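**Student:** Sequence and computational prediction follow.
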Amino acid sequence: MNASEPHRPSGRTRARTALVIRRTDHVGDPVGLAFLESPETNGDAVLARLREYLGDKLKLVKAEVSHDEITVEVEARRLTQEAATMAATARDLYQKGARRSALSIYRDALELDPLNGDAVFGIAEALVDQRKFAEALRALKRAREFGKDGIDVLLAMGRCAVELERGANAVVYYEQALKLEPRNFVARRALSALGHKPAAPSKESGAVRSGRD
């Protein structure tokens, strides 16, 4: 599917980036409905759902829909290096306890680069600390779609899903975490608490990592 939008004034150079939107992350929400619609017969509706989800700062160029994923190509005005530096500064401040200042800098980083996964993840971590789990989970999904797809993201998503009493989703996230780190203690313990027996790690898998509760 190709997307067309009204002409926008020229400004900073736009960069194109491919993002992956996962079906399992959007069960029951408007984006999830896009997986149930035929791109051939109802492509405009699919594109409309995706545009609304992506927001005004990301221009949807095209979308490819499969059973489990939607790969979208987007354009955005980005100052990637400046935003990355700001996100790193914000993380350092947050870890030192200057949380209000850190959140402000994370948001400034997103103004420079609306696809900065580190900034979105930093905001998500703050929301988890504030026990705003629904907001945190939404932010974590975005961070993952923006390329921040590692063990810490999956563990945080699993915790949010547990807190929101979405056990099936939590199992999915913790199992995905174990694919990255088969001996991860946090994921294995969480799966056991959910009544789901994790597979035994192979002898070749890495050392146990505690992660964050």
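**Tutor:** Looks like it came in fine. Numbering: from 1, shown residues only.
**Student:** is it true that Gly159 touches Val128?
**Tutor:** Wrong residue type there; residue 159 is Arg, not Gly. Yes. Counting by CB atoms under 8 Å, Arg159 does reach Val128; the two are 6.9 Å apart. Where C-beta positions appear, they are placed from N, C-alpha and C, glycine not excepted.
**Student:** Whichever strand or helix holds Ala48 - contacts with which helices or strands?
**Tutor:** Using DSSP states H and E, Ala48 maps to helix 39-54. If contacts are counted by 3 or more CB pairs under 8 Å, 6 or more residues apart in numbering; DSSP states H and E, helix 39-54 sits against helix 30-34, strand 59-65, strand 69-77.
**Student:** cutoff 7 Å now
**Tutor:** helix 30-34, strand 59-65 (3 or more CB pairs under 7 Å, 6 or more residues apart in numbering; DSSP states H and E).
**Student:** Can I get the ones you listed in CSV including mean neighbour count, distance to Arg14 and mean pLDDT?
**Tutor:** Putting the helices and strands packed on helix 39-54 into CSV (neighbours: other CB atoms under 10 Å; distance: least, CB to CB, whole Å; pLDDT from 0 to 100) gives the following:
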stretch, mean neighbour count, distance to Arg14, mean pLDDT
helix 30-34, 17, 23, 87
strand 59-65, 18, 7, 93
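**Student:** So which of these is nearest Arg144?
**Tutor:** helix 30-34 (13.3 Å; CB to CB).
**Student:** can you give me the offset of the closest one from its chain's centre?
**Tutor:** 16 Å (CA atoms, centre = their mean, to the nearest Å).
**Student:** which residues are in contact with it?
**Tutor:** Ile21, Arg23, His26, Val46, Arg49, Leu50, Glu52, Tyr53, Val65, Ile70 (CB atoms under 7 Å, 6 or more residues apart in numbering).
**Student:** circling back to that earlier point, and the helix holding Ala48, what's its mean pLDDT?
**Tutor:** When pLDDT is averaged along helix 39-54, the result is 86.
**Student:** Which positions in that helix come out as buried?
**Tutor:** Within helix 39-54, the residues that count as buried by 16 or more other CB atoms under 10 Å are Pro39, Gly43, Val46, Leu47, Arg49, Leu50, Arg51, Tyr53, Leu54.
**Student:** how much space between the first one and Arg49?
**Tutor:** Going from Pro39 to Arg49 by CB to CB, to the nearest Å gives 11 Å.
**Student:** Regarding stretch 177-189, how distant is the last residue from the first?
**Tutor:** 12 Å (CA to CA, to the nearest Å).
**Student:** what's the answer for stretch 20-35, then?
**Tutor:** 13 Å.
**Student:** go on, stretch 33-44?
**Tutor:** 13 Å.
**Student:** Helices of the protein, residue ranges please.
**Tutor:** 30-34, 39-54, 80-95, 99-112, 117-129, 133-145, 151-163, 167-180, 185-193 (DSSP state H).
**Student:** Quick one: closest of the ones you listed to Ala200.
**Tutor:** Per CB to CB, nearest to Ala200 of these: helix 185-193, 9.8 Å.
**Student:** helices or strands up against that closest one?
**Tutor:** Counting by 3+ CB pairs under 7 Å, 6+ apart, helix 185-193 packs on helix 151-163, helix 167-180.
**Student:** Tell me which other helices or strands the longest one touches.
**Tutor:** Where contact means 3+ CB pairs under 7 Å, 6+ apart, helix 167-180 is packed against helix 151-163, helix 185-193.
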